[in-house]
Every structure is written in C-alpha cells, then in structure tokens.
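K.L.:
Quick one: sequence plus predicted model below, questions after.
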Amino acid sequence: MSPDPNPAPSSASASVVYGTPSPELVEAGADALQTSPLVPGSTALEALAPESLERAVMAAPPGTLERRYVQALALRALKPGGELIVLAPKDRGGARLRSELTGFGCEVEETGRRHQRICRVLRPDTLQGIEAATGAGGPQRLAGLDLWTQPGVFSWDRPDPGTQLLIQHLPSFSGVGADLGCGLGQIARAVLASPAVTEMTLVDIDRRAIDAAARNVPDPRARLVWGDGRVTPELSGLDFVVMNPPFHDAGVESRGLGVAFVTRAAALLRKGGVLWLVANRHLPYEDSLTRLFTRVAPAREASGFKVYEARK
Ligand SMILES: C[S@@+](CC[C@H](N)C(=O)[O-])C[C@H]1O[C@@H](n2cnc3c(N)ncnc32)[C@H](O)[C@@H]1O
C-alpha cells in the first residue's frame, strides 16, 4: 500500500506549500509542509484539519477540476483570516484563478509577473462551493471507465490508446514483475489475470494514482509503492516489467524520463527477463532498448503508438 501521508501539521508548522512555486515570485517559507501528491511522503491536503493553517502557498495545477479541488481543500484547512497565495501561468489556469477564488467567497488581490497570475486572499469566515469542488475533484468511480480514478491522474477520464494497445498484446506472464508508472492500474489488472504471476509491484510517483490502483487492483499479489520509478529500491531479479512510461516531467515533455525508465527496467530484470513497453511512435526509446537488451522486437504499431518486447 502507499505509505500514509505524513501527519497533519502541528500548530508550530501551520504553513503548507503545494508544488514548487518559484521563490522569485512567492516565498513559501522554509518550514512549510509539502502537500503535492507528486512528492512521495508529502502530507495530503485532505488530511489537514479544518481551520488549522495560518498560510498556504500553491502552484496551482492546470486541470480545472484538480485546481478547484486543491484550492477548496486549502481554503477549508486555513483559519479564518489565514493567507492563501495561488499562482499559475496565465495560459495554464492562471487566467481563471480570480474567478475561481471569488466563487469560493474570497476577496482577491491579483497581480501578474513573468507570465504568471498571482492571487492572494485572506480566508473569509464563510466559504461557499467547497463541497461541490471537493466532490468533483476527489476520488471517484467513473462508470464509463469502470475504474476508480481522480482528476489530475494520467488519462483520468478516458482509456489511453497506448495503454489499450499494450494490454491487447501482452503475453501471459509468470513469476515476479513490476509496472513502473502504474497509473490507475489497468495494465496490472491485465497482467494479474495470469495465475502464474506470483507477485507484482506497482510503482507511481502520484499518490492519487496509487490510491486508485489500490482500489482497482484488489489482489494479494499486488504491492503498491508511492515512489519514483527511477530509484525505487528493493526490486531485483524480476521476470518481467511492463510499462507505459511517462513522457512529461512537471508538465513539460521529457524524453529523458522515459529513457530513465527503460534503463531502470533493464537493471531490475534477471538475465532472460522481459520488458513490455508502449510508447508514442515519435519517442526515441529504440537506441536505449537495443543498447540495454539482447533482443528487441517491435510487437505492434497502431494509432501512433508502438509496443516493444525487449529481452535482457
Ligand atoms: C504514461 S502514464 C501511464 C500510466 C498507466 N501505466 C497507464 O498505462 O495508464 C505514466 C505514469 O508514470 C507516472 N510517473 C511519472 N513520473 C514518475 C516517476 N518518476 N516515477 C514513477 N512514476 C512516475 C505518472 O504519474 C503516470 O501515472
């Protein structure tokens, strides 16, 4: 299971930060507790007691439901009169911050710097619309998807075509394996359909994904790890690794991240172990695959995605 988030702040550290706002734009404070679900071990905003915080500083995420959700949770956790500073690039949600905060019943001071909108509010005595925002942005089971999910998680409200392609072409595995960057757990569900799989570790850096995967993969052979797939210890000599590796780091396309996942998979596998991977066709993983594995076979290509089988 995912580690429990760190305890909610004591009165001595009643200040939190969400994400990594640029210190040139706003000072979060050295003792502010990190609350982003993308930082393993951080405190969950959901775990903060209502009206317990003096201050919150938030680099708001780009998705509307996710952004409204975290602002609502931060406002709920602030004491009346406590300060909330929220910032986001103008074209990635920043232009909507003022109206969102006004909708929660706040009076907003807004400034702009370096293409970011920066909004400051003092938490009013009475808030409005908090439950609607926390309901819409919280964990939910989507009927069309038939999975537990949450806004902000990769492909949270629609099946990813790359994931689907990989699932359609997976062989029946046996032994011990891992899914690096497991998301909601769809690939693991398909792998665990084989009774010959004895253990599978699902790793993701996003706590919301791990929490959803825990519900979507209720299998005693599944082990869930909230952590960085590039460094997660304790695994070695695996029979198989499956993955749809991340290609964004902090919202920016990152080829290095996917290559690091391929490198990590090669290190985790035993000799003769196998990696099954899906990626956008334009992403350049072939060089790393052929360098690190003895046999690489493109298994299928469709709709802009490529599935590879690579044997160590
Ligand atoms: C392309 S998505 C694939 C998700 C899922 N396997 C699927 O196919 O739907 C990549 C996943 O990797 C996760 N991720 C990104 N960076 C990571 C890292 N450094 N360590 C572990 N997981 C990471 C993301 O949160 C995301 O869930």
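P.N.:
Great, that's in hand.
K.L.:
and the stretch 151-300 of the chain, which of its residues are near the ligand?
P.N.:
154-155, 160, 163, 181-183, 186-187, 203-206, 209, 228-230, 244, 246 (CB under 6 Å from any ligand atom). Backbone N, C-alpha and C define where each C-beta goes, glycine included.
K.L.:
And the contacts of stretch 198-206?
P.N.:
The set of residues external to stretch 198-206 that reach it, using CB atoms under 8 Å, 6 or more residues apart in numbering, is 37-38, 40, 152-154, 174-183, 185, 188, 191-192, 210, 213, 217, 221-229, 232, 235.
K.L.:
and that stretch, how far out from the chain's middle?
P.N.:
13 Å (CA atoms, centre = their mean, to the nearest Å).
K.L.:
mean confidence for it?
P.N.:
Model confidence over stretch 198-206, given as mean pLDDT, is 97.
K.L.:
Could you list the buried residues of that stretch?
P.N.:
Neighbour-count burial for stretch 198-206 flags 200-206 (criterion: 16 or more other CB atoms under 10 Å).
K.L.:
and what of stretch 35-44?
P.N.:
So, applying 16+ other CB under 10 Å, buried residues of stretch 35-44: 35-40, 42-44.
K.L.:
ok so, going back, give me the buried subset of the residues of the stretch 151-300 of the chain next to the ligand.
P.N.:
Buried among these (16+ other CB under 10 Å): 154-155, 160, 163, 181-183, 186-187, 203-206, 209, 229-230, 244, 246.
K.L.:
Could you name the helices and strands sitting against whatever helix or strand A310 lives in?
P.N.:
If you go by DSSP states H and E, A310 is part of strand 305-311. Packing partners of strand 305-311 (3 or more CB pairs under 8 Å, 6 or more residues apart in numbering; DSSP states H and E): helix 161-169, strand 269-280, helix 286-292, strand 295-302.
K.L.:
Buried deepest among those, which one?
P.N.:
Of those, the one with the most neighbours on average (mean count of other CB atoms under 10 Å) is strand 269-280, at a mean of 20.
K.L.:
Kindly calculate the angle that that one makes with strand 295-302.
P.N.:
30 degrees (axes from the mean of the first three to the mean of the last three CA atoms, to 10 degrees).
K.L.:
hmm, the strand holding A310 in reach of the ligand?
P.N.:
No - Strand 305-311 does not reach the ligand (CB under 6 Å from any ligand atom); its nearest approach is 10.8 Å.
K.L.:
Quick check: buried residues in that strand?
P.N.:
Neighbour-count burial for strand 305-311, with 16+ other CB under 10 Å as criterion, is recorded at 305-310.
K.L.:
try stretch 99-113
P.N.:
Buried, per 16+ other CB under 10 Å, within stretch 99-113: 100-101, 103-106, 108.
K.L.:
Show me which helix or strand of the chain is least confident by mean pLDDT.
P.N.:
strand 252-253 (a mean of 70; mean pLDDT, DSSP states H and E).
K.L.:
Show me the shaky parts of the stretch 201-312 of the chain.
P.N.:
For the stretch 201-312 of the chain, the stretches flagged by pLDDT under 70 are 233, 250-252.
K.L.:
Any idea which residue is closest to the centre of this structure?
P.N.:
D206 (2.9 Å; CA atoms, centre = their mean).
K.L.:
burial of L48, as a residue count?
P.N.:
L48 has 23 neighbouring residues, counting by other CB atoms under 10 Å.
K.L.:
ok, now which ones touch L65?
P.N.:
136-137, 151-152.
K.L.:
Out of those, grab the one that's most surrounded.
P.N.:
Within those, neighbour counts (other CB under 10 Å) peak at G137, which reaches 24 neighbours.
K.L.:
Need the outlier residue of this protein, farthest from its centre.
P.N.:
Within the chain, counting by CA atoms, centre = their mean, D125 lies farthest from the centre, at 32.5 Å.
K.L.:
For it, which non-adjacent residue is closest in space?
P.N.:
Leaving aside its chain neighbours, D125 sits nearest to P80 (4.7 Å; criterion: CB to CB, 6 or more residues apart in numbering).
K.L.:
How about the backbone phi and psi for the one you found?
P.N.:
phi -50, psi 130 (degrees, to the nearest 10).
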